[in-house]
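sequence below, structure please.
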Amino acid sequence: MTDDRASFWTLPTAPEGVRDPWKGLRGVMAGTLVMEFLTFGLALPVVWQFGGGVTGAGFSVVGVLTVLMLIAGFTQRKPWGLPFALVLQVAMVACYLVHPAVGIMGLLFAAVWGYMLYLRHDVAKRMREGRLFDQLGHPEGYPPEQ
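A predicted model of the protein is given here:
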């Protein structure tokens, strides 16, 4: 691996005196996982009632994955938090086999995760190039003295 092409998983660190952009992105990712938990949790009874052919095992698999999304929301600070969340996204898309509505919802959230990964890549690229907004410096007198 060369220096100009950093690994997908390796992120640059924010310079001294610059806000950490990864903290905000982790918050968005955690919030998305909680939103997925709520969405799939509310959809489970509807799929069960009107699903037609949803088995108890399939319902259980989707239920367990839904709870794991909530857990994953609290693990985004860990180095393995993002891979854990991405595996859950793939698993929810695969739940199309349980019920098409669940798989389609999984695809919608997978698209959201794809966009977040694009943003993550873009922020890392800007940080490496020194073009991140906070890295460009601030006008005289900023931040104001407390």
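
contacts and neighbour counts: CA atoms only from here.
Fine.

and Ile89, what is it in contact with?
To be clear, residue 89 is Gln; Ile isn't right here. For Gln89, the contacting residues are 106, 109-110, by CA atoms under 8 Å, 6 or more residues apart in numbering.

now do the phi/psi pair for it.
Phi and psi for Gln89, reported as degrees, to the nearest 10, are phi -60, psi -40.

for it, give its distance to Lys78.
Counting by CA to CA, to the nearest Å, the separation of Gln89 from Lys78 is 18 Å.

over to Gly106?
Distance check for Gly106 against Lys78: by CA to CA, it reads 23 Å.

comparing these two, which residue is more hemmed in?
Higher neighbour count among Gly106 and Lys78: Gly106, with 23 against 12, using other CA atoms under 10 Å.

show me what the helix or strand containing Arg128 is packed against.
Secondary-structure element containing Arg128, defined by DSSP states H and E: helix 100-129. The helices and strands touching helix 100-129, judged by 3 or more CA pairs under 8 Å, 6 or more residues apart in numbering; DSSP states H and E, are helix 21-50, helix 81-94.

just name the most buried of the ones you listed.
Compared across the helices and strands packed on helix 100-129, helix 81-94 shows the largest average neighbour count, a mean of 18 (mean count of other CA atoms under 10 Å).

center of the protein - which residue?
For the chain, the residue nearest the mean C-alpha position is Met29 (3.6 Å; CA atoms, centre = their mean).

surely that residue is in contact with Gln76?
Yes. Applying CA atoms under 8 Å as the test, Met29 and Gln76 come out as touching, 7.3 Å apart.
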